[in-house]
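In: Output the structure for:
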Amino acid sequence: MTVTSPDREAPSAPDAAETALLRRLYRTMVTVRRLDLEGVAMQRQGIVPGYAPMRGQEAAQVGSAAALDLERDFAFPTYRELSVAVTMGIDPVAYLASHQGAWHGGMWDASAARLAPINAVVGGAVTHAVGWALGAKLDRSGGVAVAYFGDGASSQGDIHEAMNTAGVSQLPVVFFCQNNGWAISVPSERQVAGGSVAARAAGYGMPGVRIDGNDVLEVHRATTAALERARTGGGPTVIEAMTYRSGPHSTSDDPGRYRTLDEEQAWLTRDPLTLCEQRLRETGAVGDDFFVEVSDTANALTDRVRADVAALGSRPGAEMFDFVFADPPAALLGQKRAWEESRHG
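Out: From the prediction side, this is the model:
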């Protein structure tokens, strides 16, 4: 197998507060699993032109996003953070609007939602997060930036520049790496030197932790600790959440060409939803009626989202030019005039 789960002791029984949190996290994970599967189905049926699945990474995304303070913190996603968006209260239709092509970057108010627009540049959101964190430190707002990226993106130069800047200036930022085993078709061990992404943190003067990214409570605890450390002046942290991308890199990818069925089947035993359900049942605090209700609610939401995404109309083409600069330069205005002339023959 390309990614191995970290060695860990059996989790202790959650108390009443953790059980309530676990119920909430499980509900969100089931919801995003259904939405993610529907995202793939919509692409296959021509409703959206492309989609980047995140099945298998629900615990890493939901557990980390649920730890955020939505009054002060700010999250910077890639193109695979459906679970982060939903956990932070974004309407799934608004998130999927970018995949449908009806909106650039996502159909929500980023400032109010505390979630930056979808960023398709590999590693690009991390430098944005560090810039925001510098502003938060100067403003003394107590806010922390969380930058999401994958193990493949960790090999980009932008990531290293961002970590070095954050380490030198002790910025309030959490570098959250979802190590899902594959950088498209390249396994992690062939593109991550030094043993792990977390190990690189020491070179930038910050702690790095590797966690079980399929254990939603462990993810929540680690993220909460990193956020608190940053909020109290302790500087940045690297979290490497070991998980697995169960589906393809994108709907144009065929993972059967580079990984084995045995590997995929082995990781099914570590499915984050199954692990969370088992843990909830062990508490004795929930029964079958809870799981049935969660499933029915998730299915109803998914049906609504599918209908609403299918009904989205195209955006005015002028927005390609109007939403770039507050004061458009002459070159951009010239391009807009040329575009308008081409529309009218």
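
In: ok, and the closest non-adjacent residue to the spatially most central residue of the chain?
Out: When CA atoms, centre = their mean is applied to the chain, the residue found nearest the centroid is Glu81 (2.9 Å). Nearest residue to Glu81 in three dimensions, chain neighbours excluded: Tyr148, at 5.6 Å (CB to CB, 6 or more residues apart in numbering). Every C-beta, even on glycine, is put in place using the N, C-alpha and C of the backbone.

In: What's opposite the one you found in the beta bridge?
Out: Judged by DSSP bridges, the bridge partners of Tyr148 are Phe176.

In: which residues does the residue nearest to the centre of the chain contact?
Out: When contacts are counted by CB atoms under 8 Å, 6 or more residues apart in numbering, Glu81 touches 54, 61, 75, 118, 148.

In: As CSV, the residues you listed with distance to Pro207, pLDDT and secondary structure would be great.
Out: As requested, the contacts of Glu81 are exported to CSV (distance: CB to CB, whole Å; pLDDT from 0 to 100; DSSP: H, G, I helix; E, B strand; the rest coil):
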residue, distance to Pro207, pLDDT, secondary structure
Met54, 26, 93, coil
Gln61, 22, 98, helix
Ala75, 20, 98, strand
Ile118, 29, 90, coil
Tyr148, 18, 97, strand
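
In: Looking at these, which is nearest Leu25?
Out: Gln61 (10.6 Å; CB to CB).

In: Would you mind confirming that that closest one is in contact with Met54?
Out: Yes: between Gln61 and Met54 there is a contact under CB atoms under 8 Å: 6.7 Å.

In: what is in contact with the two at once?
Out: 32, 81-83.

In: Can you list the low-confidence ranges for the stretch 1-150 of the chain?
Out: Applying pLDDT under 70 to the stretch 1-150 of the chain flags the ranges 1-14.

In: Which ones among the shared contacts of Gln61 and Met54 lie within helices?
Out: 32, 82-83 (DSSP state H).

In: quick check, nearest of the contacts of Glu81 to Thr28?
Out: Closest to Thr28, out of all of those and judged by CB to CB, is Gln61, at 9.3 Å.

In: Kindly write the ChimeraX command that selects the buried subset of the ones in helices among the shared contacts of Gln61 and Met54.
Out: Buried residues among these (16 or more other CB atoms under 10 Å), as a ChimeraX selection:
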select :32,82,83
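
In: Distance to Ser155 for the ones in helices among the shared contacts of Gln61 and Met54 - can I get that in JSON lines?
Out: What follows is those, written out as JSON lines (distance: CB to CB, whole Å):
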{"residue": "Val32", "distance to Ser155": "27"}
{"residue": "Leu82", "distance to Ser155": "24"}
{"residue": "Ser83", "distance to Ser155": "24"}
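
In: and which of the ones in helices among the shared contacts of Gln61 and Met54 is nearest to Phe291?
Out: Set against Phe291, the nearest of these by CB to CB is Val32 (16.0 Å).

In: still on that earlier bit, which pair of the contacts of Glu81 spans the longest distance?
Out: Checking these with CB to CB, the most distant pair is Met54 and Ala75, at 14.6 Å.

In: State the distance from Val186 to Arg306.
Out: As for Val186, its distance to Arg306 is 33 Å (criterion: CB to CB, to the nearest Å).
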